[in-house]
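# Structure for this input, please:
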Amino acid sequence: EERRGGDLWHPVHVQPDLGSPPDRWLVLFLVWCAFLRLPRGRILPSSGSCHSMGMADDIDYVSYLCLGVSYAVAIFTCGLADYAYIRRGHRSFYGKVDVIWAAVVFMASNIDFLCRAGFLETACLSSVAMASFIFSGCSTTWPQWVFRHSLWHVVAGLLGAYGALRLPPEGAAISASLPWAFAGALAVYLACVATCLAAAYGVCGEELRGSLWAAGAKHANWK
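Numbering: from 1, shown residues only. Now for the predicted structure:
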């Protein structure tokens with residue numbers, strides 16, 4: 001069987017995943033922000049008066065929650081496409097799904113941010129994201145693509161974090177909680193990654209990892 005270093009990655013001998021997404025902890029942050037803004041009465045620090053969320057705030061809450069779920073799905077589509085079943089010069093079924101889903105998440109993120117920040121700022125952020133993605137796609141060698149695609153994920157993560165923090169609904173009411181939510185989401189993400197890696201390489205043996213990979217490879221359909 002081929003292994004990474006050739007055309008196809010195999011889980012028995014895993015190398016560091018330079019192309020995996022460092023931005024995926026954002027999903028936890030988005031969900032956490034949505035939780036902080038659950039529809040309920042609250043005391044505004046500026047006025048001391050009780051304030052209940054209106055319909056616009058409810059829509060923002062649902063939007064953040066949907067974005068969180070969308071980014072969660074992207075964790076799996078990206079991991080399968082960009083790491084587990086990546087093959088030089090070919091695109092797997094998982095890669096096609098990832099491209100389509102990434103486009104959906106990108107559009108949804110833009111629409112959500114447009115409603116809060118306006119056209120000009122949204123256009124600037126979208127331009128940076130698209131430029132980074134095109135820069136990755138213009139790679140001519142495998143090592144170059146790994147570096148540039150990793151850079152694209154870093155840029156996407158920074159832009160996503162900026163979009164979540166910039167002009168959040170009820171910003172004054174949740175401003176004190178945002179830094180803790182941000183740090184907490186990152187800590188939870190790192191703990192989850194560490195737990196998964198420990199389970200994969202401390203509990204699962206090579207035979208089990210290989211059989212799981214082979215089961216997914218049946219549907220990869222590289223072209």
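
# Helix or strand: which one has the nearest residue to residue 104 once chain neighbours are set aside?
Once flanking residues are discounted, residue 104 sits nearest to residue 70: 7.1 Å by Cβ to Cβ, 6 or more residues apart in numbering. For the C-beta atoms, the positions are set from N, CA and C on the backbone; glycine is no exception. Here residue 70 sits within helix 55-79, counting by DSSP states H and E.

# What is that helix packed up against?
helix 26-36, helix 93-117 (3 or more Cβ pairs under 8 Å, 6 or more residues apart in numbering; DSSP states H and E).

# Report the residue spans of the protein with pLDDT below the cut-off.
1-57 (pLDDT under 70).

# Over to the nearest residue to residue 139 once chain neighbours are set aside. Which of the three states is it?
Counting by Cβ to Cβ, 6+ apart, residue 145 is the residue found nearest to residue 139 once chain neighbours are left out, at 3.7 Å. Judged by DSSP: H, G, I helix; E, B strand; the rest coil, the three-state class of residue 145 is helix.

# so how far is residue 86 from residue 145?
10 Å (Cβ to Cβ, to the nearest Å).

# These two: who's more crowded?
residue 86 (24 against 18; other Cβ atoms under 10 Å).

# shouldn't the more buried one be in contact with residue 79?
No. Assessed by Cβ atoms under 8 Å, residue 86 is found out of contact with residue 79, at 10.2 Å.

# Now residue 167: phi and psi?
The phi/psi pair for residue 167 (degrees, to the nearest 10) reads phi 50, psi 50.

# what about it, neighbour count?
12.

# Skip the chain neighbours and tell me the closest residue to it.
Going by Cβ to Cβ, 6+ apart, residue 167 has residue 116 as its nearest residue, at 4.6 Å.

# what's the burial count for that neighbour?
Neighbours of residue 116 (other Cβ under 10 Å): 16.

# And for residue 175?
11.

# buried stuff in the helix holding residue 70?
57, 60-61, 63-65, 67-68, 70-71, 74-75, 77-79 (16 or more other Cβ atoms under 10 Å).

# Stretch 207-215 now?
For stretch 207-215, by 16+ other Cβ under 10 Å, it's 209, 213.

# Report the distance from it to the chain centre.
Distance of stretch 207-215 from its chain centroid, counting by Cα atoms, centre = their mean, to the nearest Å, is 25 Å.

# Could I get the CA-only coordinates of it as CSV?
What follows is stretch 207-215, C-alpha atoms only, in CSV (Å, rounded to 0.1, in the frame of the first residue of the first chain):
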residue,chain,number,x,y,z
GLU,A,207,-4.5,-2.6,12.2
LEU,A,208,-7.7,-0.7,13.3
ARG,A,209,-6.5,2.6,11.9
GLY,A,210,-5.7,0.9,8.6
SER,A,211,-9.1,-0.9,8.4
LEU,A,212,-11.0,2.4,9.2
TRP,A,213,-9.0,4.2,6.5
ALA,A,214,-9.7,1.4,4.0
ALA,A,215,-13.4,1.6,4.7
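
# quick one on the thing from earlier: what's the angle from the helix holding residue 70 to helix 93-117?
Calculated by axes from the mean of the first three to the mean of the last three Cα atoms, to 10 degrees, helix 55-79 forms an angle of 150 degrees with helix 93-117.

# Let me know the secondary structure of residue 219.
Residue 219 - assigned by three-state DSSP - is coil.
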